[in-house]
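Colleague: sequence and predicted structure, then a few things I'm wondering about:
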Amino acid sequence: MTDATYTAPPVIGRIGQRSLQIGVAGLLVSIVYAFFDPTQFFRSYLVGYTFWIGITLGCLAIVMVQHLSGGAWGLVVRRLLESATKTLPLMALLFVPLGLLGLRALYSWARAEEVAHSEALQHKHAYLNVGFFWIRAVIYFAVWVIFAHLLNKLSREQDSNSDPRLVRKLQVLSGPGLVLYGLTVTFAAIDWISSLEPEWFSTIFGILMMGGQAVSAMAFVIAMAVLLARREPMSSVILPDHFHDLGKLLLAFVMLWAYFSFSQLLIIWSGNLPEEIPWYLHRLQTSWRWIGWLLIIFHFALPFLLLLSRDLKRNARRLVLIAVLVVVMRFVDVLWLIAPEFHQKNFYIHPMDLIVPIGIGGIWLAVFTRQLRSWPLLPLRDPHLTEMLERKGH
């Protein structure tokens, strides 16, 4: 078994090239528009950025879970997960224009004139200020990039070294990594999304964002795994059993996301506190409520019912349709979390809300596919991989 045995098929390179073209075109259009309406540009940029970094961080969390738990499902998709985490330097770079130029356009706490006339903003100014915002952002990205780098470095080392101690090192690194992931994502969710309405707060919002990231990452990985399973060399490696396992994980994450979402609604609605309830009034008492119904039906109910089927989870063609639906609904959910803060009376979607995310996504996919092509599609010296391939008759 050599590196060349499990290299990415040519279609991955073609996807990367096309994605790069689309991404560059989308960002160029977005940048031109930004000169005419910078406020709308940054609103759309926040939506797109939140969606794509959600997939990235979700993959980071899942790969650490895989190192701790093991399982054949993780071996066949580990390189997909790891390649996604290697886009974190890109996401750190893409955060710069948001943090340098977009704060005043997005956040009331970043505008001194509004802070001067708001007692609540003055009370929270020790935390919600531009300088401390940047310090926290640097800490978040430092944690994410460092752990992604160390995990990928050890995984790459494993390709040329079958030392079983590497497995233990990956496990030891993943434990604290998951804890820090939870902490950093919680505070980043508060900083980047929750603080759009600085008087509102939710003790479960960070967990809700983590659940959403896990859903989007798993759905994306399933879609890519189906693409690879249709072509050599992975067509004889990724089997219905693996898709069954991946489908069960997607079902579990969808259920967790729904549980966290309902828990937040139940806690806030039953408390009926004036600081908390307006956040839901914008979304449930206006035309935004129809987006909420779409999320209930197509983000939870339909995927939940379909993924209960064992036969569907083992059928790659059907499973990928559910995965694509979930990815789309994840974008809708991110839009529902952010856009009503700027359009509180009625549903409104601007063309930039689609163009900017497409631009960011095209660049992200180009970097992802490049990373995927840079190493074997399987962790070749992982001791459990040999057992799995032998058991399947390879």
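Modeller: Perfect, thanks for sending it.
Colleague: show me where the stretch 101-250 of the chain has its helices.
Modeller: Here the stretch 101-250 of the chain has its helices, by DSSP state H, counting those that start in this stretch, at 103-106, 112-116, 119-123, 130-158, 165-192, 205-229, 240-271.
Colleague: can you tell which of the ones you listed is closest to Val326?
Modeller: Comparison of these against Val326 by C-beta to C-beta identifies helix 205-229 as nearest, at 4.0 Å. Where C-beta positions appear, they are placed from N, C-alpha and C, glycine not excepted.
Colleague: what's the distance between the closest one and the middle of its chain?
Modeller: Centroid separation for helix 205-229 versus its chain: 7 Å, with C-alpha atoms, centre = their mean, to the nearest Å.
Colleague: picking up where we left off before, pipe the helices of the stretch 101-250 of the chain into CSV and attach mean pLDDT per row.
Modeller: Listed next are the helices of the stretch 101-250 of the chain as CSV, based on pLDDT from 0 to 100:
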stretch, mean pLDDT
helix 103-106, 94
helix 112-116, 90
helix 119-123, 88
helix 130-158, 96
helix 165-192, 95
helix 205-229, 96
helix 240-271, 94
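Colleague: single out the most deeply packed of the ones you listed.
Modeller: Most buried of the helices of the stretch 101-250 of the chain by mean neighbour count (mean count of other C-beta atoms under 10 Å) is helix 205-229; its value is a mean of 24.
Colleague: picking up where we left off before, tell me which of the helices of the stretch 101-250 of the chain lies nearest to Gly13.
Modeller: Checking those against Gly13 by C-beta to C-beta gives helix 205-229 as the closest, at 12.7 Å.
Colleague: for Thr50, find the nearest of the helices of the stretch 101-250 of the chain.
Modeller: Closest among the helices of the stretch 101-250 of the chain, once you apply C-beta to C-beta, is helix 165-192, at 6.7 Å.
Colleague: ignoring the adjacent residues along the chain, who's closest to Gly271?
Modeller: Ile277 (7.8 Å; C-beta to C-beta, 6 or more residues apart in numbering).
Colleague: who are the neighbours in contact with the one you found?
Modeller: Residues in contact with Ile277, defined by C-beta atoms under 8 Å, 6 or more residues apart in numbering, are 268-269, 271.
Colleague: Phe300 too?
Modeller: By C-beta under 8 Å, 6+ apart, Phe300 lies in contact with 254, 257-258.
Colleague: same deal with Ala8?
Modeller: Contacts of Ala8 by C-beta under 8 Å, 6+ apart are 228, 369, 372-373, 377.
Colleague: with Leu27 instead?
Modeller: 356, 359-360, 362-363.
Colleague: repeat that for 7 Å
Modeller: Listed by C-beta atoms under 7 Å, 6 or more residues apart in numbering, the contact set of Leu27 reads 359, 363.
Colleague: I figured Ala148 hits Thr85, correct?
Modeller: Yes: contact status for Ala148 versus Thr85: in contact at 4.0 Å, counting by C-beta atoms under 7 Å.
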